[in-house]
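Undergrad: Sharing a model that was predicted from the sequence below.
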Amino acid sequence: MLNNTKPLILGVSGASGLIYAVRALKFLLEADYQIELVASKSSYMVWQSENNIRMPVQPLQQEQFWRQQAGVEEAGKLYCHPWGDVGANIASGSFRTLGMMIIPCSMGTVAKLANGLSSDLLERAADVQMKEGRKLVIVPRETPFSLIHLRNLTTLAEAGTRVVPAIPAWYHNPQTIEDLVDFVVARALDQLDIDCIPIQRWQGHR
Ligand SMILES: Cc1cc2nc3c(=O)[nH]c(=O)nc-3n(C[C@H](O)[C@H](O)[C@H](O)COP(=O)(O)O)c2cc1C
């Protein structure tokens, strides 16, 4: 039984930190969500650089690839879209969704979204969420931010996008890289009202 009848769009852009996308996918599939995943063209290069892995372009092969990376063989539903397929279901506002999370989100994608450009499927799907008044959550990763990055992020925040930077906290006593990553992913999913990651939440001083 799927957790929700409406799918969630997961956008993966060409910023560093693909582990954020992998951990998000793992928990969402395990919680039986239906995921429509679109990875930008640049993200293929990041897979190569960060993990020395070639991500398949073909949708079914890519689904297997992501499931393997996430360590989730069967749970949930996953559809992978080619980056250039602007005729896909998620390119239309008539296709109903829970919203979209872009994780990690590059400054290139931030700039294009802030200016209404829809030059690939990831950008178009995000543009659609905004025009339909649905939830759009981005997890930007860059340091330092230029003034232009900050202005573009501000534009998106003003338009209702939730900006959850890839900045982990330390008060939950993280022991592993996954602890740090999962904290960021959980806070991003909080913005979509999705609670499927067992992080330690602050309970006040005890
Ligand atoms: C290994 C690698 C790491 C990168 N890391 C970042 C990053 O952390 N943040 C960022 O904004 N761009 C980063 N880039 C640059 C983007 O991939 C590049 O600007 C690209 O055009 C973004 O396209 P996209 O937004 O369509 O994915 C990285 C590129 C490579 C190859």
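TA: Received, thanks.

Undergrad: do you know how far residue 127 is from residue 50?
TA: 27 Å (Cβ to Cβ, to the nearest Å). In short, each C-beta sits where N, CA and C put it, glycine included.

Undergrad: When these two are compared, which one has more neighbours?
TA: Taking other Cβ atoms under 10 Å, residue 127 and residue 50 do not tie; residue 127 has more neighbours (19 against 12).

Undergrad: In this structure the more buried one contacts residue 115, no?
TA: No - counting by Cβ atoms under 8 Å, residue 127 stays clear of residue 115, with 10.2 Å between them.

Undergrad: which SS class is the residue in the chain that the ligand sits nearest to?
TA: Per Cβ to the nearest ligand atom, residue 14 is where the chain lies closest to the ligand, at 2.8 Å. With DSSP: H, G, I helix; E, B strand; the rest coil as the basis, residue 14 sits in coil.

Undergrad: Surely it touches residue 43?
TA: Yes - with contact defined as Cβ under 8 Å, residue 14 and residue 43 form a contacting pair (4.8 Å).

Undergrad: Kindly report the residues of the protein close to the ligand.
TA: Taking Cβ under 6 Å from any ligand atom as the measure of proximity, the chain contacts the ligand at 13-16, 40, 42-43, 45-46, 49, 106-109, 141-142.

Undergrad: was I right about residue 30 contacting residue 76?
TA: Yes - counting by Cβ under 8 Å, residue 76 is a contact partner of residue 30 at 7.1 Å.

Undergrad: Between these two, which has more neighbouring residues?
TA: residue 76 (20 against 16).

Undergrad: Tell me which helix or strand the nearest residue to the more buried one once chain neighbours are set aside sits in.
TA: With sequence-adjacent residues excluded and distances taken as Cβ to Cβ, 6 or more residues apart in numbering, residue 76 is closest to residue 29, at 3.4 Å. In this assignment (DSSP states H and E), residue 29 forms part of helix 18-30.

Undergrad: quick one: the strands in the chain?
TA: Here the chain has its strands, by DSSP state E, at 8-12, 34-39, 77-81, 99-105, 136-140, 162-163.
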